[in-house]
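In: Need a 3D model of the following:
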Amino acid sequence: MAISKQKKEEIVAKVKEAATKAKTLVFVNFHGLPVATATEMRKSLRERGIGYVVAKKTLIRRALANLSYGGEMPELPGEIALAYAEDQLAPIQEVYAYQKKNSDALKMVGGVFEGNYVDAAYVSLLATIPSREVLLGQFVNIINSPIAGLVMSLDQIRQKKEQSA
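Out: I've put the predicted structure just below:
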C-alpha cells in the first residue's frame, strides 16, 4: 500500500525530531521478527525511555541527510527501524539484549554515536560495555585490592609473631 505524501512528510519529521533530540540512534533490521516479540520489545524499550520508529529506508535517509553526522551512513538491508534515546548506551544495550534472544530475526546494522555514523561491528562493541554501576564496582574492587592485600599480609605477620612467642 502506497503512503501518501503527507504521511511521508510526517514520518520524515518524526525521524528528524528523534535524531536531533537523541544522543544515539541504532538502525535495526527486524525482518522475520514475530509480532509478539516485536510488541514485547517495543514495550520494554518504552519502559526504559527508548523510542522505536519503523520507517522506509528512503525516508530515514531523507530525514538524516541534512543533519551534520560524520562518516557515511551504513548499508541498511531489509526492514529497518530506529531505536533512539538521550542515554548514549541504553538503546544499543536494550536492542542487543533482544538480538541475543532473536539472532535470526533481529540485527543491529549500524547507527549514530557521538555525532558519527558507525557500522554494525562498532555498535556491537558498544553493546558489550558494562553498565555504569558494574564499572564503578570494578573500579572500587581495583582500588580496594592493594589495601586488602596489605591487611592480609599484616595479619600473617601478626600470626607468625603470636606463634613464635
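In: Name whatever forms a beta bridge with the residue nearest to Pro77 when sequence neighbours are not counted.
Out: Once flanking residues are discounted, Pro77 sits nearest to Asn29: 6.0 Å by CB to CB, 6 or more residues apart in numbering. Every residue, glycine included, has its C-beta placed from N, CA and C. Applying DSSP bridges to Asn29 yields these beta-bridge partners: Ile80, Lys107.
In: count of neighbours near Asn29?
Out: The criterion is other CB atoms under 10 Å. On that basis, Asn29 has 20 neighbouring residues.
In: Please give the element, helix or strand, for Leu126.
Out: Leu126 is part of helix 120-127 when elements are defined by DSSP states H and E.
In: buried residues in that helix?
Out: For helix 120-127, burial by neighbour count (16 or more other CB atoms under 10 Å) applies to 120, 122-123, 126-127.
In: of the residues you listed, closest to Ile50?
Out: Ile50 lies nearest to Ala127 out of these, by CB to CB, at 13.4 Å.
In: quick check, Leu67 in a helix?
Out: No - if the criterion is DSSP: H, G, I helix; E, B strand; the rest coil, then Leu67 is coil and not within a helix.
In: My guess is it contacts Ala19. True?
Out: Yes - with contact defined as CB atoms under 8 Å, Leu67 counts as touching Ala19 (5.8 Å).
In: what separates the longest helix belonging to the chain from the chain centre, distance-wise?
Out: The single longest helix within the chain, with elements called by DSSP state H, is helix 132-164. Computed by CA atoms, centre = their mean, to the nearest Å, the chain-centroid distance of helix 132-164 equals 36 Å.
In: one step back: who has more neighbours, Leu67 and Ala19?
Out: Per other CB under 10 Å, whichever of Leu67 and Ala19 has more neighbours is Ala19, with 18 against 12.
In: Mind telling me what element the more buried one is part of?
Out: Ala19 is part of helix 5-21 when elements are defined by DSSP H and E.
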